[in-house]
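Asker: Output the structure for:
(one chain, ligands or ions: 1)
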Amino acid sequence: MRKCLVCEKGNLEKVEDIVLDIEGYVFVVKGERCNKCKEEFPYEEETQKTITTARKLGVWPEPMKLYRHLSKSGGGLVFRIPTDLEKQLKLDDKTEIGITKVGNKIIIEPEK
Ligand SMILES: [Zn+2]
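Answerer: Take a look at the predicted model:
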């Protein structure tokens, strides 16, 4: 049994009825649920499958918000582009990108 990362009290139980609601489409996936706080943790591959299915249905919400950490390299900070965005936007190591600072946001635009 794995301990819940959210409440740190409950145990995670295997469940097959986690409901993901994406733009009104309901997906039922496998994962784990905390027996205390009821927090649900769908399995990574299940989430990926759901995303793929949702994209096929054209319901994956955009803009999609992703969370990434920056890593240190050669004294600077490096931002890694998520693989699915890399594929979606057909980016490679020759892609030139424009960086715009808007308030406290950073917009990264591939220049084609
Ligand atoms: Zn919990």
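
Asker: Make sure residue 55 is indeed in a helix.
Answerer: Yes. Residue 55 forms part of a helix when assessed by DSSP: H, G, I helix; E, B strand; the rest coil.

Asker: following the worst-scoring helix or strand of the chain on mean pLDDT, which helix or strand comes up?
Answerer: Of all helical and strand segments in the chain, the minimum by mean pLDDT, DSSP states H and E falls on helix 83-88, at a mean of 80. Moving toward the C-terminus from helix 83-88, the next helix or strand (DSSP states H and E) is strand 96-102.

Asker: and the following helix or strand past that following strand, what does it pack onto?
Answerer: Next helix or strand after strand 96-102 toward the C-terminus (DSSP H and E): strand 105-111. On a contact count with 3 or more Cβ pairs under 8 Å, 6 or more residues apart in numbering; DSSP states H and E, strand 105-111 meets strand 96-102. To be clear about C-beta, it is placed using only N, CA and C from the backbone, and glycine gets the same treatment.

Asker: Okay, now the sheet partners of the strand it packs on, with direction.
Answerer: Partners of strand 96-102 in the sheet, by DSSP bridges, are strand 105-111 (antiparallel).

Asker: chain center to the strand it pairs with: distance?
Answerer: Centroid separation for strand 105-111 versus its chain: 19 Å, with Cα atoms, centre = their mean, to the nearest Å.

Asker: quick one: residue 40 and residue 17 touch, right?
Answerer: No. The pair residue 40 / residue 17 is not scored as a contact, 9.4 Å apart, by Cβ atoms under 8 Å.

Asker: Tell me how far the least confident helix or strand of the chain lies from the chain's centre.
Answerer: 12 Å.

Asker: List the strands paired with the lengthiest strand in the chain, with their directions.
Answerer: Criterion DSSP state E: the longest strand present in the chain is strand 11-22. Using DSSP bridges, strand 11-22 pairs in its sheet with strand 2-3 (antiparallel), strand 25-34 (antiparallel).

Asker: Report the residue ranges of every domain in the chain.
Answerer: Domain assignment for the chain, taken from automatic domain parsing, gives 2-56, 71-111.

Asker: how long is the first one from one end to the other?
Answerer: Terminal residues of domain 2-56 are spaced 34 Å apart (Cα to Cα, to the nearest Å).
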